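[1] I would like the atomic coordinates for the input below:
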Amino acid sequence: MQKLDIYKLESLRPIVLAPVREKLLAGGYTAFPSAALDFPDDGIDFLRLLVKDPVTTFPGRISGESLKDIGILTDDWCLIQKGIEARPNDLVAAIIEDQFFIKRFRPKYHENNVLRELKLQSANPEYSDFDITEQTEFMLWGVVTWTFRNWRKL
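    Model (predicted):
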């Protein structure tokens, strides 16, 4: 079972941080970084980067392991934007039988672009997918635009 708790954005004040100027390599050794790193001249407003529409964007806290094979784990955070169209393979927040879930959006279409079937897919073989039918109590609530993990508790 996977659960999603939804919150409201508390503040719209900018969160501006100075970026690291060097590329952050994920493997191997390289030369010394540039001395210019000590003097960054631009900043990044994280709120503006992450949230395109504050009125329709909501943070959510994920619990459950149904998406672990794509790196989304219990206690990860996500941003969900309502009012944008889900595309194939997007992560979506959906209400199924009165519970929130995060799943991969997997539609299949007829040749004339009419929806033939809809599956909300897990990314862990221990969890079932949801096959959405006309009888399913279902609402596509929003599209997940970002996920976050706290690597070190401070």
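[2] the helix or strand of the chain with the lowest mean pLDDT: what's the following helix or strand?
    Lowest on mean pLDDT, DSSP states H and E among the helices and strands of the chain sits strand 16-17, with a mean of 70. Next in sequence after strand 16-17, counting helices and strands by DSSP states H and E, comes strand 44-45.
[3] neighbouring strands - and their directions - for that following strand?
    Partners of strand 44-45 in the sheet, by DSSP bridges, are strand 16-17 (antiparallel).
[4] ok, now how distant is residue 94 from residue 62?
    13 Å (CB to CB, to the nearest Å). Every C-beta, even on glycine, is put in place using the N, C-alpha and C of the backbone.
[5] how about residue 111?
    From residue 111 to residue 62 the distance is 36 Å (CB to CB).
[6] please identify which of the two sits among more neighbours.
    Shown here are residue 111 and residue 62; by other CB atoms under 10 Å, residue 62 has more neighbours (26 against 6).
[7] pLDDT weak spots in this structure?
    Low-confidence segments of the chain, defined by pLDDT under 70: 1-3, 17-41.
[8] quick one, helices of it?
    Secondary structure of the chain (DSSP state H): helices located at 46-50.
[9] list the buried ones in stretch 133-147?
    By 16 or more other CB atoms under 10 Å, the buried positions in stretch 133-147 come out as 138, 140, 141, 142, 143, 144, 145, 147.
[10] wait, the last one sits on residue 75?
    Right, residue 147. No. Using CB atoms under 8 Å as the test, residue 147 is too far from residue 75 to be in contact (11.4 Å).
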